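>>> Predicted coordinates and the sequence they were generated for:
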Amino acid sequence: MLQLQALRTNKDQIIQALKKRNFDAEIHMDKVLSLDEKRRSLQTDLDNTLAEGNKLSKEIGMLYKSGKTEEANQIKQKTAQLKEESKRLTEKLNTIAADLEEALYQIPNVPHESVPAGSDEEDNEEVFREGNIPELGEEAKPHWELAKKYDIIDFELGAKITGAGFPVYKGKGARLQRALISYFLDKNTEAGYIEMQVPLLVNETSGYGTGQLPDKEGQMYHVTEEDLYLIPTAEVPITNVLRGNILDKNSLPISYTGYTPCFRREAGSYGAHVRGLNRLHQFDKVEIVRVEHPDNSYQALDAMVEHVKNILRELKLPFRVLRLCGGDLGFTSALTYDFEVFSTAQDRWLEISSVSNFETFQANRLKLRYRDENNKTQLVHTLNGSSLALPRVLAGILENYQTADGIDIPDILVPYTGFSRIE
RNA sequence: AGAGAGGUGGCCGAGUGGUCGAAGGCGCACGCCUGGAAAGUGUGUAUACACCAAAAGUGUAUCGAGGGUUCGAAUCCCUUCCUCUCUGCCA
């Protein structure tokens, strides 16, 4: 959620910047600002009415104490009128405040100046590429065939137990999953991230805090009995750990990492691009989250990008980094770098990580602040990234490391798996 | 899941209808004292919103959350969430 104050003072600038997203902010902005104006004048009216009432109440108290019951009763009649008035104003104010909040929720984050203009993924800007794309020859198989051949992932079995998109990992496949999770967590904690184990279900407030609600409501599994949501990413519980806090500026930055399964309904997805591990309802991911002083957040974003690069280097997977264009940029993000691994057998790039700076957009909803030099509260910047999403890394390893009669395990993972080859 | 007790400021803790944003203590900040420190001592110490060009200041709201009773609620009533104790169940 954008800050009202910013909208009031930089209206034109923000409208201009949002054009990069192909988002016409003008109408929204006018609505927000006019609602805000109404809200403020109502607030003033209400405050004055309540103040008057408070004053009279005190008088009544005094009069009763000194036994002047009659005078007190006279004043009482005045307060009845004020009470009605304040009730009316409160109702009005609540309605306007709710409308205002809803209108604010409709406006996406302002893109960073480096975000390229563009309408879809075609316009994303490649900023980095590394690694050799192996020559696999004609025999190369996509990972879903490899998974079947070596009996390490069973999609049908998952469908039997639960439904499509809930695979079962078996034997060395399961072991490889576990190895990847441990390896990622080790890399992250070495880099100073504090490991967290968090709930996999969150309440509504947390969903709003990180911005999944209201705009991605349909993407989350909802446990209606308890009104809880299955997390679509560890970002939600981990970032909400700090919700509502006022941090000492010396406690910044705060860096967390956590492994969780992620649950996504993925309503509306279909076709070849969702085969195998490419798109699942349940998948594993290790996430990194940072809370930063606004002055340092872009430095932190670069550090996160470097960190993920290093992991992919160690895994010896061919990858590239994209700076997302305005049209492809997530609703809450100011700047996002996507990481993609090249899947040789599928002959396409697979997104495996997304690293974003949300600036104050999430912090504003989360009410997550720090105290500055002048003891004033300021919103922090929040960032997060995947390091990494398991299924596509797994797909990348299976496909790129395949040989005619087996799959090699990247050297860096062997201490974690305890084996160096799947046959 | 059932019965009972409770949720007050950064922390502890008083407060059962009136001037209470809330005693007292701890912590923290600044000052005094000291050669320096400790002890002592003085002052200050919540958040949001509105008014004001801004600071100062003023007003309003907030004692888990939401609603109600009342001229007036931290205090009474209802709903809900959470914590603790006992019973039950259970990995």
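Happy to help now that I have it. Residues are numbered from 1 along each chain as shown, chains lettered A, B, ... in the order given.

>>> which stretches of chain A have low pLDDT?
Low-confidence segments of chain A, defined by pLDDT under 70: A:268-273.

>>> Near RNA strand B, which residues of it? Just list them.
Contact residues, chain A versus RNA strand B (CB under 7 Å from any atom of the strand): A:40-41, A:43-44, A:46-48, A:50-51, A:53-58, A:60-62, A:64-65, A:76, A:79-80, A:83, A:246, A:369, A:371, A:377. Glycine gets a C-beta too; all of them are placed from N, C-alpha and C.

>>> how about the helices of the stretch 201-350 of chain A, start to end?
A:204-210, A:235-240, A:297-315 (DSSP state H, counting those that start in this stretch).

>>> same check, this time on the stretch 1-150 of chain A
Using DSSP H, counting those that start in this stretch, the helices of the stretch 1-150 of chain A run over residues A:4-9, A:11-18, A:25-65, A:69-105, A:143-149.

>>> list the helices and strands the first one packs on?
Right, helix A:4-9. helix A:25-65 (3 or more CB pairs under 8 Å, 6 or more residues apart in numbering; DSSP states H and E).

>>> right, so the helices of the stretch 1-150 of chain A: which one is the most enclosed?
Mean neighbour count (mean count of other CB atoms under 10 Å) peaks for helix A:143-149 among the helices of the stretch 1-150 of chain A, with a mean of 20.

>>> Which helix or strand lies directly C-terminal to it?
With elements assigned by DSSP states H and E, the helix or strand that comes after helix A:143-149 is strand A:153-154.

>>> hey, C-alpha coordinates of whichever helix or strand comes after that next one in PDB?
For strand A:153-154, the following helix or strand on the C-terminal side (DSSP H and E) is helix A:155-161. Provided in PDB are the C-alpha atoms of helix A:155-161 (Å, rounded to 0.1, in the frame of the first residue of the first chain):
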ATOM      1  CA  PHE A 155       3.000 -37.700 -10.300                       C
ATOM      2  CA  GLU A 156       0.300 -40.300 -10.700                       C
ATOM      3  CA  LEU A 157       0.700 -41.500  -7.100                       C
ATOM      4  CA  GLY A 158       0.300 -37.900  -5.900                       C
ATOM      5  CA  ALA A 159      -2.800 -37.600  -8.100                       C
ATOM      6  CA  LYS A 160      -4.200 -40.700  -6.500                       C
ATOM      7  CA  ILE A 161      -3.600 -39.500  -2.900                       C
END
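
>>> Next one: A:Ala404 from A:Glu423, what distance?
As judged by CB to CB, to the nearest Å, A:Ala404 and A:Glu423 stand 11 Å apart.

>>> cool, A:Ala6 as well?
Remark: distance between A:Ala6 and A:Glu423 (CB to CB) = 59 Å.

>>> check contacts around the residue nearest to A:Leu82 when sequence neighbours are not counted.
Closest residue to A:Leu82 apart from its sequence neighbours, by CB to CB, 6 or more residues apart in numbering: A:Gly53 at 4.5 Å. A:Gly53 makes contact with A:Thr79, A:Leu82, A:Lys83, A:Ser86, according to CB atoms under 8 Å, 6 or more residues apart in numbering.

>>> wait, what's in contact with the second one?
Contacts were defined as CB under 8 Å, 6+ apart; by that measure A:Leu82 touches A:Thr49, A:Glu52, A:Gly53, A:Leu56.

>>> before we move on, what about the last one?
Neighbour list for A:Ser86: A:Leu46, A:Thr49, A:Leu50, A:Gly53 [criterion: CB under 8 Å, 6+ apart].

>>> unless I'm mixing things up, the second one is touching A:Thr90, no?
No: no contact is recorded between A:Thr49 and A:Thr90 when judged using CB atoms under 8 Å, the distance being 9.3 Å.
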